[in-house]
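1. Model the structure of this input:
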Amino acid sequence: MNNSFPVASIADAAWYVRGGRALKTPSPFGVMGIVNLTPDSFYDGGIHHKPLAGLEHALTLLDQGADILDLGAESSRPGAAELSPDEEIQRITPVLAGLRHRAPWATVSVDTYHAATAASVLEQGAVIINDISACAFDPELLDVLVQYKPGYVLMHSQGRPEVMQHNPRYDDVRREVREFFEFNLGKLVRAGVPENRIVLDPGIGFGKVLKHNLELLAHPEDWLGFGRPVLMALSMKSVFGGLLSLPPAQRGPATIAATALLRSKGIFWHRVHHVAEARQGLAVATAFSAASQ
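-> Numbers count the residues shown, from 1 in each chain. Coordinates of the predicted model:
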């Protein structure tokens, strides 16, 4: 495994997806736009969960500069209940079909931990699986990853969404997240998932309280040291509620500030609700970093 510390540059963006195609952005950062197809989203309340609304929102994010669209049909907010694969597929398929018709160039990720859902959406043209479980909730997902070899987001979480915020505990959160990535990267690669398909996500807010989140965010070198691209998914999360006592709808400026700060620390990929604003913050952070060289 390549443990060298990657240089914060366009070269970090090489993230291979199905068929060996390298996903590279035309700028020194990458933005994944969130398309919630759930009726119970923690942030937008489900306003895009119907197929036409979801498709139009996805197209809007593309117009704003999203490099990847991340479709999610099951809420992963704390306390959320599990959705069946059939229900997931029913919510996602119309939007995927619409994107194939109206934006066939779009790079589509699907947020799922179900093997059946993953296989279905990969057959329909999605090229990335964004999994909150590291193949733990549905072990057959690993077989799908080996078969299709899509891009894969390996995320750390402590527990399922319905219980993950029930008193999460760590002896040393930094060490335990590092050990998680070391173990699961090795497991995936040994099973046959190419390492150059894998991106790491420390799972901010997933089985972590404020002090855990802040300790992780202060040390991104812990995950960058694995030599893989890192996806930061901070948008509108509870860390800003804990820091600033803000409800989700008012966390936009804090999200942009944190996104820019993390880009200056070497994080290339950012998963966000508001693509245009995120790109502005990332562009400013990149310009400042370049001028300081």
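
2. tell me the contacts of the closest residue to His274 other than its chain neighbours?
-> For His274, the nearest residue in space outside its immediate sequence neighbours is Gly252; the separation is 6.1 Å by Cβ to Cβ, 6 or more residues apart in numbering. For the C-beta atoms, the positions are set from N, CA and C on the backbone; glycine is no exception. When the contact criterion is Cβ atoms under 8 Å, 6 or more residues apart in numbering, the partners of Gly252 are 236, 273-274, 277.

3. Please identify, among these, the one with the most neighbours.
-> When neighbours are taken as other Cβ atoms under 10 Å, the top entry among the contacts of Gly252 is Met236 (24 neighbours).

4. From Ala106, how far out is that one?
-> To Ala106, Met236 is 23 Å away according to Cβ to Cβ, to the nearest Å.

5. Same question for Leu216.
-> Taking Cβ to Cβ, one finds Leu216 at 31 Å from Ala106.

6. and what of Asp201?
-> Taking Cβ to Cβ as the criterion, Asp201 is separated from Ala106 by 21 Å.

7. Leu282 too?
-> Distance from Leu282 to Ala106, counting by Cβ to Cβ: 20 Å.

8. Quick check on those two: which one has the bigger neighbour count.
-> Regarding Leu282 and Ala106, a neighbour count based on other Cβ under 10 Å identifies Leu282 as having more, with 26 against 21.

9. which stretches of this structure form helices?
-> If DSSP state H is used as the criterion, the helices of the chain fall at 51-63, 85-102, 115-123, 141-148, 173-191, 210-217, 221-224, 238-244, 252-264, 275-291.

10. Out of those, which one sits most buried?
-> Ranked by mean neighbour count under mean count of other Cβ atoms under 10 Å, these are led by helix 115-123, which reaches a mean of 21.

11. I'd like to know which of the contacts of Gly252 is nearest to Leu141.
-> Proximity to Leu141 was ranked across those by Cβ to Cβ; first place goes to His273, at 25.7 Å.

12. Isn't that closest one up against Met236?
-> Yes. Taking Cβ atoms under 8 Å as the contact criterion, His273 and Met236 are neighbours in contact, 5.9 Å apart.

13. partner strands of the longest strand seen in the chain, parallel or antiparallel?
-> Under DSSP state E, the strand in the chain containing the largest number of residues is strand 30-36. Paired neighbours of strand 30-36 in the sheet (DSSP bridges): strand 68-72 (parallel), strand 269-272 (parallel).

14. And those: which comes nearest Pro28?
-> Taking Cβ to Cβ as the criterion, strand 269-272 is the member of those that comes nearest to Pro28, at 11.6 Å.

15. For the closest one, give the mean pLDDT please.
-> Mean per-residue pLDDT for strand 269-272: 96.
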